[in-house]
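> how would this look folded up:
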Amino acid sequence: MSKATRRFIINKLGELVISLLIVTILSFLLVRLSPIDPAEAYARRSMAAFSFTDEQMEALREKMGLNDSLPVQYVKWVRDAFHLDFGKSFVSGQSVFEKVTTAIGITVTIVIISTIIQAIFILLIGCLCYLTRKRIIGRALIFLCIAGVSIPSFFFASTYIDIFAVKLGVTSVVGNTGFVRYFPAAVCIAIGCIALFSPMLANNIKKEMEQDSAFYARCRGLSEGKILFRYALPSAVVTLLPNFCQMLGLCMAGSAIVESVFSLPGLGYLIIDSVLYRDSPVIHATILFLAFSLVMFNILSDILRRILQRDASAREGARL
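Prediction:
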């Protein structure tokens with residue numbers, strides 16, 4: 001392993017640790033700065049707030065570990081987190097780790113389906129944008145892509161329910177199972193990414209078609225279609241991969257409101273629900289796992305970018 005590679009790995013591991021530390025510390029600080037006491041919120045939900053004496057409320061805070069100072073709470077939480085012990089939910093009493101892993105499974109399923117949809121339509125619309133770039137239809141596609149990027153995913157989700165579930169009655173948002181349950185949310189998340197990356201792919205294809213390699217292919221008598229799909233498109237897609245990986249991390253984070261609209265108990269839905277109910281153990285754990293996924297996708301993006309730069313340097317050296 002070269003020194004540069006070793007330095008790169010150390011930097012990325014340091015980036016991961018520092019990012020998680022900052023995010024989790026902020027999580028604890030923001031929960032503590034909230035004017036709502038988690039113990040009091042728990043007592044109100046239990047419908048016994050008015051029967052709780054000061055002594056009982058103090059005992060409840062002690063049981064929930066809220067009487068310790070914030071640094072002590074954080075150190076204890078980090079120590080337990082190394083053993084994947086995030087405590088129990090203040091609301092349901094269920095293991096926080098079980099709740100979070102179940103929610104992550106749902107969110108990952110949505111993101112995987114969304115990724116497949118994105119990959120298919122980015123290729124189709126990107127190629128179509130390039131082929132029709134000098135026509136009215138090409139300009140119309142670019143306009144639609146700008147609109148798709150500008151409109152938030154939760155608007156598409158609300159519109160889907162309003163049109164297909166309420167007015168037309170052709171689908172249901174409750175009681176679905178399997179692929180049908182996750183497909184609408186995956187489509188709503190995918191629209192913005194498709195609108196963002198399709199013009200980028202078209203621009204990358206245009207650059208590849210202007211390279212010397214494309215010129216030499218034309219001299220060999222290859223058709224424009226063969227040059228496009230055999231040489232330009234693969235290179236254009238590979239160049240887009242690092243940014244696409246980063247966007248997948250944002251899809252994990254951005255699925256929260258869409259999951260809420262479709263009542264899918266994924267990670268984002270769990271974060272919103274735990275904040276509303278002041279369930280601090282679940283808040284800290286979900287934010288940790290979400291931050292971890294975002295940082296890992298960013299690291300994967302940096303790794304891909306590094307590999308591409310190395311390959312580009314090798315090809316340039318071979319030419320010289």
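
> and Gly221, how many neighbours?
Using other Cβ atoms under 10 Å, Gly221 is surrounded by 7 other residues. The C-beta positions use only the backbone N, C-alpha and C, and glycine is treated the same way.

> likewise Ile113?
With other Cβ under 10 Å as criterion, Ile113 counts 18.

> same check, this time on Met200
Applying other Cβ under 10 Å, I find that Met200 has 18 neighbouring residues.

> Quick check: the gap between it and Ile136.
Note on Met200: its distance to Ile136, by Cβ to Cβ, to the nearest Å, is 21 Å.

> Quick check, pLDDT for the closest residue to Thr239 other than its chain neighbours.
Residue nearest to Thr239 in three dimensions, not counting chain neighbours: Asn204, with 5.3 Å by Cβ to Cβ, 6 or more residues apart in numbering. Confidence at Asn204, expressed as pLDDT, is 90.

> Excluding chain neighbours, what is closest to the residue most central in space within the chain?
By Cα atoms, centre = their mean, the chain has its centre lying nearest to Met252, at 2.0 Å. Of all residues not flanking Met252 in the chain, Ser293 sits nearest, at 4.9 Å (Cβ to Cβ, 6+ apart).

> Regarding the one you found, which helix or strand does it belong to?
In this assignment (DSSP states H and E), Ser293 forms part of helix 280-319.

> Could you list the buried residues of that helix?
By neighbour count with 16 or more other Cβ atoms under 10 Å, helix 280-319 contains the buried residues 280-291, 293-295, 297-302, 304-305.

> residues in contact with the residue nearest to Thr239?
Under the criterion of Cβ atoms under 8 Å, 6 or more residues apart in numbering, the neighbours of Asn204 are 235-237, 239-240.

> Put the buried members of those residues into a PyMOL selection.
The following PyMOL line selects those of those that are buried, judged by 16+ other Cβ under 10 Å:
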select buried, resi 235+236+237+239+240
